[in-house]
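Colleague: what's the 3D shape of this:
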Amino acid sequence: MHGGNASGSSSSPADRRLSALVRHLEGSSRDGIDAENRSIAAAPTSGSYGGRNSVFDHVVMGPEDPILGVTVAYNKDPSPVKMNLGVGAYRTEEGKPLVLNVVRRAEQMLVNDSSRVKEYLPIVGLADFNKLSAKLILGADSPAVQENRVTTVQCLSGTGSLRVGSEFLARHYHQHTILIPQPTWGNHPKVFGLAGLSVKTYRYYDPSTRGLDFQGLMEDLGSAPSGAIVLFHACAHNPTGVDPTAQQWEQIRQLARSKALLPFFDSAYQGFASGNLDTDAQSVRMFVKDGGECIVAQSFAKNMGLYGERVGALSIVCRNADVAGRVESQLKLVIRPMYSNPPIHGASIVATVLKDRNMFQEWTVELKAMADRIINMRTQLFDALRSRETPGDWSHIIKQIGMFTFTGLNSKQVAFMTKEYHIYMTSDGRISMAGLSSRTVPHLADAIHAAVTRLA
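Modeller: All right, here's what the predicted structure looks like:
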């Protein structure tokens, strides 16, 4: 105690001043921290902010996707007879999603292979998948493939392939105008526009015949700017189901080459339209055979049922191998900051099927069965409408091809069918034939008959 008292009583003025300075500095530090905490707490992005407004209050509610919104509405409907004919996915006769047997077998092989790892793929994707995808669409005997003047990169299904291709064109192609058919898949103008291309349309569908407006198509392509990009659906045009004949494709090719137009093919249904992989690739192969350049976006969602795996490829056919190599180097620079590199599983399934002769054959059989069922649904619906003597000519149903039928129904008739018959489709009258079955065709035919007779 004596020592303590002595210390307290004997502290010098300098010691006391030092102690006071330390206390002052400690207090200032605490005040600064408190002030900083108060400043942070008052920030609008802070959860404890007393204000009612969000920094995102100006954000408006976005509209439902016109195609995906159909499914949203369908799911909310409690009716036991409801039908969803808006979704672009195959269904069995029982109305169930289908996983192909060959896909299950390929997956099991991959799972049982203990040497497989989950490492990143290269930026361009799985090499086997890219090589086999190019051969599938261009043909194994294609000179472009044999001369190594095709560069192929794995992308996120058809949409991703279109986006990567359009981003590349916006950076490296001299003409930024792209002509797309009217009508076309609803996502096309958004994909190309957001990539920086100027989107124009060319005539394609003739509502009066519910077929191809070939004259209008040729006139519009003939007046297109030299070098413009032109989007073609390789087969099974979405949403109309109307394709040019082989002879019409040849005339289109000649005109496109004479105008130096750059063909950009969207191939979402190879093998799914006619049931034959080669037949459905003929339009693309015509443009490759002449030695010219073109671009092809591929999807394996429909023809291999890999919707959720997001498996696609972008192939750019170039004049020579040197150009193809440089194009690939720039595609890498597009992909790297976009999604870095693609997923491995779905592409591995496709590669497993395509490189095994027996599995490939099994796939073609299953693919044809899907295509044949859709063709059969077309016949059944046409017959049902004819037996009901529904006003109008419905032969376009069996003339069109692929997953979709452009019925010719207007938006009021579509709304009537949804309200009275619980049938869901896009407002333009497009229906997915893959969503029909022998059991549901009569209900659809009744609805169409009622809509046409009551709301002419």
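
Colleague: and Ile316, bridged to which residues?
Modeller: Thr151, Ile295 (DSSP bridges).

Colleague: what ranges do the strands span in the stretch 51-200 of the chain?
Modeller: Shown for the stretch 51-200 of the chain, the strands assigned by DSSP state E, counting those that start in this stretch span residues 83-84, 150-156, 177-182, 198-203.

Colleague: hmm, I was thinking of the stretch 201-350 of the chain
Modeller: 205-206, 211-212, 229-233, 262-267, 294-299, 311-317.

Colleague: so what strands line up beside the fourth one?
Modeller: Strand partners for strand 262-267, identified by DSSP bridges, are recorded as strand 229-233 (parallel), strand 294-299 (parallel).

Colleague: how about the helices of the stretch 301-450 of the chain, start to end?
Modeller: If DSSP state H, counting those that start in this stretch is used as the criterion, the helices of the stretch 301-450 of the chain fall at 321-339, 345-355, 357-387, 396-399, 411-421, 441-454.

Colleague: Show residues contacting the last one.
Modeller: Contacting residues not belonging to helix 441-454 are listed as 81, 83, 85, 377, 380-381, 384-385, 388, 390-392, 407, 409, 413-414, 416-417, 420-421, 423, 431, 436 [Cβ atoms under 8 Å, 6 or more residues apart in numbering]. Where C-beta positions appear, they are placed from N, C-alpha and C, glycine not excepted.

Colleague: can you dump the C-alpha coordinates of that helix into PDB?
Modeller: Listed next in PDB are the C-alpha coordinates belonging to helix 441-454 (Å, rounded to 0.1, in the frame of the first residue of the first chain):
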ATOM      1  CA  VAL A 441     -57.000 -34.700 -78.900                       C
ATOM      2  CA  PRO A 442     -60.800 -34.800 -78.700                       C
ATOM      3  CA  HIS A 443     -60.900 -32.200 -76.000                       C
ATOM      4  CA  LEU A 444     -58.600 -29.900 -78.100                       C
ATOM      5  CA  ALA A 445     -60.700 -30.500 -81.200                       C
ATOM      6  CA  ASP A 446     -63.900 -29.600 -79.300                       C
ATOM      7  CA  ALA A 447     -62.300 -26.400 -78.000                       C
ATOM      8  CA  ILE A 448     -61.000 -25.400 -81.500                       C
ATOM      9  CA  HIS A 449     -64.400 -26.100 -83.000                       C
ATOM     10  CA  ALA A 450     -66.200 -24.000 -80.400                       C
ATOM     11  CA  ALA A 451     -63.700 -21.100 -80.700                       C
ATOM     12  CA  VAL A 452     -64.000 -21.000 -84.500                       C
ATOM     13  CA  THR A 453     -67.800 -21.300 -84.600                       C
ATOM     14  CA  ARG A 454     -68.500 -18.800 -81.800                       C
END
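
Colleague: Val230: neighbouring residues, count only.
Modeller: 24 (other Cβ atoms under 10 Å).

Colleague: hey, what's it bridged with?
Modeller: Beta-bridge partners, per DSSP bridges, of Val230: Leu179, Pro263.

Colleague: what's near enough to touch it?
Modeller: Applying Cβ under 8 Å, 6+ apart, the residues near Val230 are Ile178, Leu179, Tyr202, Leu221, Ala224, Ala256, Leu261, Leu262, Pro263, Phe264.

Colleague: swap the cut-off to 10 Å and go again
Modeller: Val230 is in contact with 177-181, 200, 202, 220-221, 224, 252, 255-256, 259, 261-265, 294, counting by Cβ atoms under 10 Å, 6 or more residues apart in numbering.

Colleague: Repeat that for Thr364.
Modeller: Val102, Gly271, Gly275, Asn276, Leu277, Asn303.

Colleague: Wait, the second one touches Cys235, no?
Modeller: Yes: Gly271 is in contact with Cys235 according to Cβ atoms under 10 Å; the separation is 9.1 Å.

Colleague: Please enumerate the shared neighbours of the two.
Modeller: Joint contacts of Gly271 and Cys235 (Cβ under 10 Å, 6+ apart) are Thr279, Asp280, Ala281.

Colleague: Tell me how many other residues surround the closest residue in space to Asp220 that isn't next to it in sequence.
Modeller: In space, not counting the residues next to it along the chain, Asp220 is nearest to Tyr202; the distance is 3.6 Å by Cβ to Cβ, 6 or more residues apart in numbering. For Tyr202, the count of nearby residues is 22 (other Cβ under 10 Å).

Colleague: One more: Pro63?
Modeller: The burial count for Pro63: 7, using other Cβ under 10 Å.

Colleague: Hmm, Gly69 and it touching each other?
Modeller: Yes: Pro63 lies in contact with Gly69 (Cβ under 10 Å); the separation is 8.0 Å.
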